[in-house]
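1. no FASTA, just this:
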C-alpha cells in the first residue's frame, strides 16, 4: 500500500530491532494507501511503569467512512519491548464514544503533530494536533488535545475555547492551529502557521501555555506574532511564523531551579530584502510568570552564521533543540538548536539539496555555528531535491538527520554529536538492510524520533 506507513524501532544497547505497522499483530487497523502511519512520533512513559511508550500519529487515517479524519495510537513498552507486554495498544481518535469525543470529520488530520513528556510535577502528558479541525462553520481553524495523567484525561482546545484564560487568537479559516507542537516540563507551545494578522494572510502565530490545570484545562499564557511591538519582523503574507517549533528548559544565571523555557519558532516564509522565502528563526525566553522576551533573530544573514539567505531556502522549516544539562545554568554549549534548510543549494547543479545548521540557543548565534549538508558531513552524494533538513530529532547526545531522498546509497538516518564540527561525520547510521532493519521500503527516515 503506497504511503501506508511503518515504524522501524532500533533498541539501544544492541538489543535488536522491531518493525511496527497496522499489519503487525496487536496493532489495530489495517494498512491503507495514504494513511501515513508514523507521520508524527513521540516517546514518553504514559503509564509511569518505567518503560518508554511510543505515540504514533496517522493524520490521514480514515475513521469508518470518513476520509483523513486521523488518529493516534499509544503502543506500550514493557521489559520485553514495545507491543510485547500485557497492555493493549490504545487508540485515540474522534467519536461520541471514543477518547477524543465529538465527531470524526473529513480532513481533521488528528495526529498531524504530537508531543509528549512529563510535567515538572511528574505527570505524564500528551499533545495531539488536529490542524484541519473545523470550528463550527469555520473550516480548517484547527485544534489540539491535551491528554493528562495515567488516566489519560482528554480536553480539546481551540482558539475560541475558554480555559480559565483566553487562548491567543480567534478561530478563523485556514489558521491550522495545532500544526506544530513543542513542550518542556513547564510550558508548551502550539503553532498556527495560517494565522492572518490584519490583512497579512498566513502570517502565522504561536500560542503558549502552562501545564498547570484549571478545571482540567492547561493555562494559556499568551501569544506570539510579528504584529507585536516586542517581536521582531513585520507580519507579512506567507511568513508562516510557527510552522516549526522547538523548546528546551532554561535556567538563567543565579536561578536555583529550572522553571523557564526557550522557544524557537521557525518562520520559513520570511523574506529578505530581495529574497523570497529565505526563512528565519526567532528565539523567545518564556518565564513561569507568563512573560516573554525575544532573545535572538537567526537567519543566514545573521553575523557569522554560515551561508547567505537565498530565495526558497526555507530556513527554519524544521527545528530540533536540546538542553544537555537542564539543572545547571544554561549556556551556548548546553543549549543547541538544529535548523533545517531544505531549500538550500550549495551549487546550481543541486537545487534543494538542503542542509542543517546547528547554533547555540544562548549567546550570539554565530559564535559556534555549524553547517552540515550532503557530501559535507552527511554521507551521501548531493543531488537535486534531497530536501535535507526536513527530518530532524534531538536526544541529549545526538542530533538525528533523516535523509529519505536522493541517491539510494545515502538514504538513511544519521546521528551527529551536538558538538560536531562543520562538515563533521555522524557517529551513528541507520540504513535499510543493515543492523537488522529490513531492506527495501520507500522514504526511510521521513520522520525520526
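-> Yep, that arrived. In this text, all values refer to a predicted model and were calculated from it rather than measured experimentally. Numbers count the residues shown, from 1 in each chain.
2. What's the local residue count around residue 25?
-> For residue 25, the number of neighbouring residues by other C-beta atoms under 10 Å comes to 5. Backbone N, C-alpha and C define where each C-beta goes, glycine included.
3. Buried residues, stretch 32-50. List them.
-> Judged by neighbour count (16 or more other C-beta atoms under 10 Å), stretch 32-50 contains these buried residues: 32, 35-47.
4. of those, the lowest pLDDT goes to which?
-> Least confident of the buried residues of stretch 32-50 in the model: residue 35, at 86.
5. just to revisit the earlier point, from the buried residues of stretch 32-50, which ones fall inside helices?
-> Among the buried residues of stretch 32-50, DSSP state H puts none in helices.
6. can you name the two of the residues you listed that are farthest apart?
-> Between all members of these, the longest pairwise span (C-beta to C-beta) is found for 32 and 45 and amounts to 30.1 Å.
7. if I look at residue 6, how far off is residue 435?
-> Separation of residue 6 from residue 435 (C-beta to C-beta, to the nearest Å) stands at 16 Å.
8. between those two, who's got more neighbours?
-> In this view residue 6 and residue 435 are compared by other C-beta under 10 Å, and residue 6 has more residues nearby, 17 against 13.
9. List the contacts of the residue lying closest to the more buried one once chain neighbours are set aside.
-> Using C-beta to C-beta, 6 or more residues apart in numbering and skipping residues adjacent in sequence, the residue nearest residue 6 is residue 21, 4.3 Å away. Taking C-beta atoms under 8 Å, 6 or more residues apart in numbering, we find residue 21 in contact with 4-7, 27, 31, 37.
10. Residue 39 now?
-> Listed by C-beta under 8 Å, 6+ apart, the contact partners of residue 39 are 5, 57-60, 111-112, 447.
11. Tell me the one of the residues you listed nearest residue 133?
-> Here the nearest of these to residue 133, counting by C-beta to C-beta, is residue 112; it sits at 10.1 Å.
12. Can you tell me the element the closest one falls in?
-> Here residue 112, judged by DSSP states H and E, is contained in no helix and no strand.
13. can you map out the helices along this structure?
-> Using DSSP H, helices in the chain do not occur.
14. Flag the shaky bits of it, pLDDT-wise.
-> Along the chain, the model assigns pLDDT under 70 to no residue.
15. Let's see that with 80 instead.
-> 1, 96, 164-165, 273, 441 (pLDDT under 80).
16. What count of nearby residues applies to residue 12?
-> Other residues near residue 12 number 5, with proximity taken as other C-beta under 10 Å.
17. Specify the beta-bridge partners of residue 40.
-> Counting by DSSP bridges, residue 40 forms beta bridges with residue 57.
18. show me what contacts it?
-> For residue 40, counting by C-beta under 8 Å, 6+ apart, the contacting residues are 55-57, 59, 111-114, 129, 447.
19. do residue 254 as well
-> Remark: with contacts taken as C-beta under 8 Å, 6+ apart, residue 254 is in contact with residue 329.
20. and if you look at residue 188?
-> 115, 125, 127, 181-182, 208-209, 211, 218, 247.
21. Quickly note the distance from it to residue 246.
-> Spatial separation of residue 188 from residue 246 under the definition C-beta to C-beta is 12 Å.
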